[in-house]
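Engineer: Give me coordinates for this.
(chains A and B)
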There are 2 protein chains.
Amino acid sequence: MLQERLLDPDALVAAILQDDSTGSVLMLAWMNRAALDATLSTRRVTLWSRSRNELWVKGESSGNFQEVVSMRYDCDGDAILIRVKSHGPACHTGATSCFHNEVE
Amino acid sequence: MLQERLLDPDALVAAILQDDSTGSVLMLAWMNRAALDATLSTRRVTLWSRSRNELWVKGESSGNFQEVVSMRYDCDGDAILIRVKSHGPACHTGATSCFHNEVE
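Structural biologist: I've put the predicted structure just below:
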């Protein structure tokens, strides 16, 4: 069902990155088919940047690559959970996880 | 930043549900401001159904409510990580988590 959704090259699925060793949820990002294919072939998380409209190898500039441990998709085929071996902070702020703001 | 985004009553943010005791990621769903307000006041996860166009108290029909333990939002304010005490399967298939399909 995931592959069906991604037959449309413009379709996006949500990608949740989770640290495989700590269980910490690191970030939510987006993938199109090209990003998924690149992730599967390189085993490094590759995403689709909606703001820059381009493929984005996570950690390409910082060196903090996210190495794929496992990938599972959900029951309606529009989200992927990627468990990763994390080689550094996932957040551009330097925080381990992008989810570091308490909802008041 | 989350609240700013949600000032538009039609704006949606992604909500990731994570089991607080096991660390398992249960599902990805959506919230608008009304869903967030209801979740904060009842401490039961309330979502926005994009297919039915209505608020949806998770577990309302099954009794498998998802009780809020903590809520954090991400650095760009478009996703919320909700750690929950889970009172039953999160997936409509009866699985604990919606993420039960291996990506080939």
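Engineer: Strands of chain A, start to end?
Structural biologist: Using DSSP state E, the strands assigned to chain A run over residues A:13-19, A:25-31, A:46-49, A:54-57, A:66-74, A:79-86, A:99-102.
Engineer: quick one: low-confidence parts of chain A?
Structural biologist: Screening chain A residue by residue with the criterion pLDDT under 70, one finds no matching range.
Engineer: For it, what lies in contact range of chain B?
Structural biologist: Contact residues of chain A with respect to chain B, defined by CB under 8 Å from any CB of the partner chain, are listed as A:1-2, A:14, A:16, A:18, A:23, A:25, A:27-28, A:36, A:40, A:70-81, A:91-93, A:95, A:98-103. Any C-beta I mention is one placed from the backbone N, CA and C, and that applies to glycine too.
Engineer: and the closest residue to A:Met1 other than its chain neighbours, what does it touch?
Structural biologist: Once flanking residues are discounted, A:Met1 sits nearest to A:Gly77: 3.5 Å by CB to CB, 6 or more residues apart in numbering or on different chains. By CB atoms under 8 Å, 6 or more residues apart in numbering or on different chains, the contact set of A:Gly77 is A:1-2, A:4-5, A:13, B:101.
Engineer: Try it again at 6 Å.
Structural biologist: Residues in contact with A:Gly77, defined by CB atoms under 6 Å, 6 or more residues apart in numbering or on different chains, are A:1-2, A:5.
Engineer: now do A:Val68
Structural biologist: Listed by CB under 6 Å, 6+ apart, the contact partners of A:Val68 are A:Arg43.
Engineer: Swap in 8 Å and give it another go.
Structural biologist: The neighbours of A:Val68, taking CB under 8 Å, 6+ apart as the test, are A:39-40, A:43-45, A:82-84.
Engineer: Looking at these, which one is closest to chain B?
Structural biologist: Taking CB to the nearest CB as the measure, chain B lies nearest A:Leu40 of the contacts of A:Val68, at 7.3 Å.
Engineer: Could you count how many residues lie near the closest one?
Structural biologist: Neighbour count of A:Leu40, defined by other CB atoms under 10 Å in any protein chain shown: 13.
Engineer: quick one, phi psi at the residue nearest to A:Thr96 when sequence neighbours are not counted?
Structural biologist: Closest residue to A:Thr96 apart from its sequence neighbours, by CB to CB, 6+ apart: A:Pro89 at 5.5 Å. In terms of degrees, to the nearest 10, the main-chain angles of A:Pro89 are phi -50, psi 140.
Engineer: Nearest to chain B: which residue in chain A?
Structural biologist: Distances between chain A and chain B by CB to the nearest CB are smallest at A:Gly23, namely 3.1 Å.
Engineer: what sits against the residue nearest to the spatial centre of chain A?
Structural biologist: Centroid check for chain A by CA atoms, centre = their mean gives A:Ala15 as the closest residue, at 4.5 Å. Contact partners of A:Ala15, counting by CB under 8 Å, 6+ apart, are A:28-31, A:35, A:45, A:47, A:79-80, A:82.
Engineer: Now find how far off-centre stretch A:43-62 is within its chain.
Structural biologist: Between the mean C-alpha point of stretch A:43-62 and the mean C-alpha point of its chain there is a distance of 9 Å (CA atoms, centre = their mean, to the nearest Å).
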